[in-house]
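J.: need a 3D model of the sequence below.
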Amino acid sequence: MGRVVTDARMLARALADPASVVGLDVKRWTALLAMARAEQLIGTLALLLDGLAMPAAVKTILADARTAAEHGRRAALWEAEMARRALAAIECPIVLLKGTAFVAAGLSAGQGRSIGDLDILVPRASLDVIESTLLAAGWEWVKPDPYDDVYYRRWMHELPPLIHRERDRMIDVHHTILPLTARITPDAHALIMDSVALENGLRILSPTGMIVHAAAHLFADGDLAGGMRNLWDIRCLVEEFGADGLDAAARRHGLHHEVARSVRMVDALFGEGEAKGIDRAYIRRVTARDGWGRPTRPVTRLAFYIRSHWLRMPPAMLARHLWTKWRKG
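T.: Take a look at the predicted model:
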């Protein structure tokens, strides 16, 4: 059957066309599962492949992955409920973000999704009362460092991360979706005003808001780590809700280029499209895994790491920040 595919396009194909895995040899199954674990997509893959012919050992691994994903879903929903109860007396919208929002709303993007921290978006004017309420309810700072504390509060789009002292679960409280130092300034007020209420009173972003947020996180803030999972989120959201109003929403938040690139890359990775121009470099970064799930293409990864910091802050501020962090070890 030829040599094993040496990057994560193999995983993208399996996600988009589950039947493509039928007949894989041992090396290809090993590569596919290793890549899926590394990209935190093993639960999603396990659900999509359920019922297909596969070796018994693979079937056991994927069954365990489905069980773990269901446990993660329940844990995420419980943590959201704990935050809802803690903040119930505060009269402001609490908007769930990312994976917790997907599973809370029963969206296809949440099926099997790996979920880490609880991410919420709140009005910036409510940050002080939300912070004090969470601290009183058992959350505490993950790493109380004076420099980091000032940096987060002055320049970031969220409070310093908090962790619950008993449940050991983290919460990230956002007041917008990109750092205040970033070149792009999304309209956080509009995102909150357009959000949709769930039955329990918590909220999620509108469909276009969720896509805009995913694109912003991927292309305007980070180094594309976890990019495959973010692009799969966008694919699921577009398939479920369509793209009506997406371009207008992206332009409203200054993220037209990022959203357009995300749609092109989704088509290139999971559809029939072909990456062209600079998009090829982004695909190269997103698929940088070998057959054991290890990161590859160190030069490409370094370039995107540098790019992520360049996007986050002006050069002089970046130099001061990196110098301070280096001195602190």
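
J.: which helix is the longest one in the protein?
T.: Looking across the chain with DSSP state H, the single longest helix is helix 56-87.

J.: in it, what's buried?
T.: Buried residues in helix 56-87, counted by 16 or more other Cβ atoms under 10 Å: 58-59, 61-62, 65-66, 69, 72-73, 76-77, 79-80, 82-84, 86-87. Placement of C-beta: from N, CA and C, glycine included.

J.: which strands or helices does it pack on?
T.: On a contact count with 3 or more Cβ pairs under 8 Å, 6 or more residues apart in numbering; DSSP states H and E, helix 56-87 meets helix 26-38, helix 42-49, helix 98-104, strand 118-121, helix 127-136.

J.: and the ones you listed as TSV, adding mean pLDDT and mean neighbour count?
T.: Shown next, in TSV, are the helices and strands packed on helix 56-87 (pLDDT from 0 to 100; neighbours: other Cβ atoms under 10 Å):
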stretch	mean pLDDT	mean neighbour count
helix 26-38	96	20
helix 42-49	98	23
helix 98-104	97	25
strand 118-121	98	25
helix 127-136	96	15
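
J.: those: which one's closest to Glu240?
T.: Glu240 sits nearest to helix 98-104 of all those, at 10.0 Å, using Cβ to Cβ.

J.: output the contacting helices and strands for that closest one.
T.: Here helix 98-104 touches helix 56-87, strand 118-121, going by 3+ Cβ pairs under 8 Å, 6+ apart.

J.: reformat these as CSV; add distance to Pro146.
T.: Output for the helices and strands packed on helix 98-104, formatted as CSV (distance: least, Cβ to Cβ, whole Å):
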stretch, distance to Pro146
helix 56-87, 26
strand 118-121, 25
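
J.: give me the number of residues near the closest residue to Leu121 other than its chain neighbours?
T.: Sequence neighbours aside, Val95 is the residue nearest to Leu121 in space, at 4.1 Å (criterion: Cβ to Cβ, 6 or more residues apart in numbering). Using other Cβ atoms under 10 Å, Val95 has 24 other residues around it.

J.: surely Val95 touches His189?
T.: No - assessed by Cβ atoms under 8 Å, Val95 is found out of contact with His189, at 11.7 Å.

J.: re the thing from before, hey, what's the residue nearest to Leu121 bridged with?
T.: Applying DSSP bridges to Val95 gives these bridge partners: Leu121, Arg203.

J.: tell me who's in contact with it.
T.: Residues in contact with Val95, defined by Cβ atoms under 8 Å, 6 or more residues apart in numbering, are 101, 120-122, 191-192, 195, 202-205.

J.: and the two most separated of these?
T.: Pairwise distances across the contacts of Val95 peak at 14.9 Å for Leu191 and Leu202 (criterion: Cβ to Cβ).

J.: more neighbours: the two, which one.
T.: Relative neighbour count places Leu191 above the other of Leu191 and Leu202, with 25 against 22, counting by other Cβ under 10 Å.

J.: how close does Arg66 get to Met35?
T.: Distance of Arg66 to Met35, given as Cβ to Cβ, to the nearest Å: 18 Å.

J.: now do Glu274
T.: Using Cβ to Cβ, one gets 21 Å for the distance from Glu274 to Met35.

J.: from the contacts of Val95, which single one is nearest Gly242?
T.: Closest to Gly242, out of all of these and judged by Cβ to Cβ, is Leu205, at 15.8 Å.

J.: what's the closest non-adjacent residue to Phe304?
T.: Asp223 (4.5 Å).
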